[in-house]
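Asker: predicted structure and sequence below. I'll ask about it afterward.
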Amino acid sequence: MENLPADLSWLAAERVERWAGELRINLIRLVAIAAFYGHHLFNRFVLKECFPPNYSLAVTATAAIWTLGALALHLSLTNQRVPAGLRYIAVGFDVLMITSLLMVSDGPRSTLVVLLFLVVATSTLRFDLRLVWVATALTLLSYGLVCGHAKWIKPERQIPRRQQVIMVLSLSAAGVLAGQGVRQARRFAQDYADRVRPEDAP
C-alpha cells in the first residue's frame, strides 16, 4: 500500500496546531501583560520608585491597548474565526506595542528589549516558516527604530555600537533557531506519514 501523503499529514496537523498555538500564545500574552504591568505598579506604589513625568500614563495606555487587542483576538479565536492573515496581524501588533513601550522607556538601554525575543519565540508555535522570518524582520526593524529614536531624539539613551550589533546578531540567531524548530516539526510530520499506512482495503 502507498504511504499517506506527507504534505497532507503536515497540512492537517498545521491547521489544528496553528489555531491551538495562537490561542496559547494569546493566553500567555495576557498573563505577560498583567505580570509586567503589575511589576511596574509594584515599583511605583510599593517601592516608591520615581519615574519620568507621564511615564506611568504612557505605560498604562500601552498596557490597556495591548490588553484590548488580546481580548479581541481571544474572542475571534474562540469563535473559530481565524482569517489567514490574523497571525501576521498579531505579530505586527505585538511588535508595535513593544516598540511604543521601548520608546517611552529607556529605549535600547531598557531591559524591556528582551520582549523582542519573545515575539520571535512565539512565532515557532504558529508552524509557519514565513511568519518566523516576518517576525524576525519586524523585531530587527523595531530595534532599529528604537536605536534611531535614541540617536536623533533622545541622545541620552544611546548605547555603544557594539551592543547594538550584538543585539542584532542575537535576534537574527533567534530567528534562525525558530525557523529550525518549524522545519523540525515538519520533518517529524513527514516521518510520521512515512511510517503510518492506511489499512488494507477489504
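Answerer: Thanks, I have it. Here the structure is a predicted model, which is why all the values come from computation and not from measurement.
Asker: distance between stretch 145-163 and the chain's centre?
Answerer: 23 Å (CA atoms, centre = their mean, to the nearest Å).
Asker: and for stretch 124-137?
Answerer: 9 Å.
Asker: can you check stretch 113-125 too?
Answerer: 4 Å.
Asker: tell me the buried residues in it?
Answerer: 113, 115, 116, 117, 118, 119, 120, 122, 123, 124, 125 (16 or more other CB atoms under 10 Å). Using the backbone N, CA and C atoms, a C-beta is placed for each residue, glycine as well.
Asker: ok, and the closest non-adjacent residue to residue 93?
Answerer: Sequence neighbours aside, residue 69 is the residue nearest to residue 93 in space, at 5.5 Å (criterion: CB to CB, 6 or more residues apart in numbering).
Asker: what helix or strand is that neighbour on?
Answerer: For residue 69, the element it lies in under DSSP states H and E is helix 55-78.
Asker: remind me what that helix packs against, helices and strands.
Answerer: Under the contact criterion of 3 or more CB pairs under 8 Å, 6 or more residues apart in numbering; DSSP states H and E, helix 55-78 touches helix 6-41, helix 86-104.
Asker: of those helices, which is nearest residue 52?
Answerer: The closest of the helices and strands packed on helix 55-78 to residue 52 is helix 86-104. By CB to CB, the value is 8.7 Å.
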